[in-house]
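In: structure for the following, please:
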Amino acid sequence: MTTFRTYLKIFLSHRVYIAIYLVMLSLVGVIIGLSAYSGTTGEFQVAPANVAVIDRDGSELSAALAQHVLQGNNQVQVADEKRAIQDAVARDQVSYLLVIPEGWGEGLLDAARQGTQAPNLETYVSYYSGMGRLLDIEVTGYADGLYGMAATLGGSAADVIAATDDAWEGSTQVSMVKQAASPLPTSIVTAAEFASYPIFSSAMVCIAVLMSSVGRRPVRDRRLASPEPARARNLALLGACVVIALIAWAWNFALEVAVLGGSALASSPVQLALVGAALLVYALVSASIGFLAGQLGVSENAANALANILGMVMSFLGGAWTGLSLLPDELLAVAHFTPAYWVTLVVEGAAGMGEVSTATVLPLVGDLGVCALFGVAAVLVGLALGRDSVTGQRDSIAG
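Out: I've put the predicted structure just below:
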């Protein structure tokens, strides 16, 4: 126990590393989460598009088509000139411009009676957004509706327009299906994914620096001269590493919950617990990698470099900087061999969980188990290296 407390005192003496890696980097994660925070959810409304219609036909059908295009959108006046039409589309003055050629209405009725192809419309779509393309699909559908009603019902243009409008305005009964569980806020998911960087870097650098201090010759000689068994010393050192990991996890997760996850405590407790468990396992894995680095005799400068490089690489492969869906297949295959990837699977799976049940929770627990295996492997290698190192040092002293 005395050795364990000594290790913790050495850790707490490195206040600069604690301030930079643990406090400051975790605050950056919370700030990133706040940037993704949306406090209110508004009602969905279709944004109006800027449209222009040039009706060269002047028939009842062309007037009905023009009215359908302009309904719910912003009308823009464009001169019936080739240069004006090109400028309006190129300068994004309109998202959609429809030109109804002369004789289109009568030609559509004749084509419907004879069963031939309807006359074409002249359309221009802005490439600045997809609104024009969606509107073009709607206009084509309405024109096809006019053609279909004229072919099946016949009658005057007014009858065709009335039948088409009635069919177009028909509605389908829909009902809302509420999720059994509330999803986690985007803000806390974003912060939790970014937390893979400060948790890993803080745990690894603090542990590596601790072990570097313990491995200095005066301290090492006193440790070897003590009657305490090597196994007890290694276990005390491993226990100190676990405590450092728990501190890194508790600080990051508590900060995220306090600032971003207050509502999730009541609405999504199970999902939030899964996120916390994922970060906890990742913190322990980070501690095991730091323990391994210390057993390898990594210097303080090398520990800083490794903590930053490995932390950034693993957080990137885990989807903290960009979504996993955006990673190329080659990088995604590599990401499977990093613990951060499996943590992100748990975080995203918990965030989008629509129902809390054994069937939805157990796969995420399995992902946590895969992540934990990385830590187990690192600890076993570190303990083996530590035992061989102590044996070699005792032999050199005896010789």
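In: list the contacts of residue 293.
Out: Neighbouring residues of residue 293 by Cβ atoms under 8 Å, 6 or more residues apart in numbering: 204, 207-208, 211, 303, 306. C-beta coordinates here come from the backbone N, C-alpha and C atoms, glycine included.
In: quick one: average confidence on the particular helix or strand that has residue 255 in it?
Out: Taking DSSP states H and E as the criterion, the element that holds residue 255 is helix 230-260. Helix 230-260 shows a mean pLDDT of 85 in the predicted model.
In: so which bits of that helix are buried?
Out: 230, 233-234, 236-238, 240-242, 244-245, 247-249, 251-253, 255-257, 259-260 (16 or more other Cβ atoms under 10 Å).
In: after that helix, next one along is what?
Out: For helix 230-260, the succeeding helix or strand toward the C-terminus, using DSSP H and E, is helix 262-267.
In: buried ones in the very next helix or strand once past that next one?
Out: Per DSSP H and E, helix 262-267 leads on to helix 269-295 as the next helix or strand towards the C-terminus. When neighbours are counted by 16+ other Cβ under 10 Å, the buried residues of helix 269-295 are found to be 271-272, 274-295.
In: same deal with stretch 125-138?
Out: 125-126, 131-132, 135-136.
In: shaky segments in the stretch 101-250 of the chain?
Out: The stretch 101-250 of the chain contains residues with pLDDT under 70 at 170-181, 218-230.
In: and the helices in the stretch 1-150 of the chain?
Out: Using DSSP state H, counting those that start in this stretch, the helices assigned to the stretch 1-150 of the chain run over residues 2-13, 15-17, 25-35, 60-70, 82-90, 104-114, 131-152.
In: what's the offset of the second one from the middle of its chain?
Out: Between the mean C-alpha location of helix 15-17 and the chain-wide mean there is a distance of 31 Å, by Cα atoms, centre = their mean, to the nearest Å.
In: I'd like to know which elements that helix is packed against.
Out: With contacts defined as 3 or more Cβ pairs under 8 Å, 6 or more residues apart in numbering; DSSP states H and E, helix 15-17 has these neighbours: helix 196-214.
In: contacts for stretch 306-324 next, please.
Out: Residues contacting stretch 306-324 (Cβ under 8 Å, 6+ apart): 21, 193-194, 196-198, 200-202, 204-205, 208, 289-290, 293, 298, 327, 331-332, 334-335, 338-341, 343-344, 348.
In: now the contacts of residue 293 in JSON lines, with neighbour count?
Out: Conversion of these to JSON lines gives the following (neighbours: other Cβ atoms under 10 Å):
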{"residue": "204", "neighbour count": "32"}
{"residue": "207", "neighbour count": "31"}
{"residue": "208", "neighbour count": "29"}
{"residue": "211", "neighbour count": "26"}
{"residue": "303", "neighbour count": "23"}
{"residue": "306", "neighbour count": "18"}
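In: thanks a lot, catch you later.
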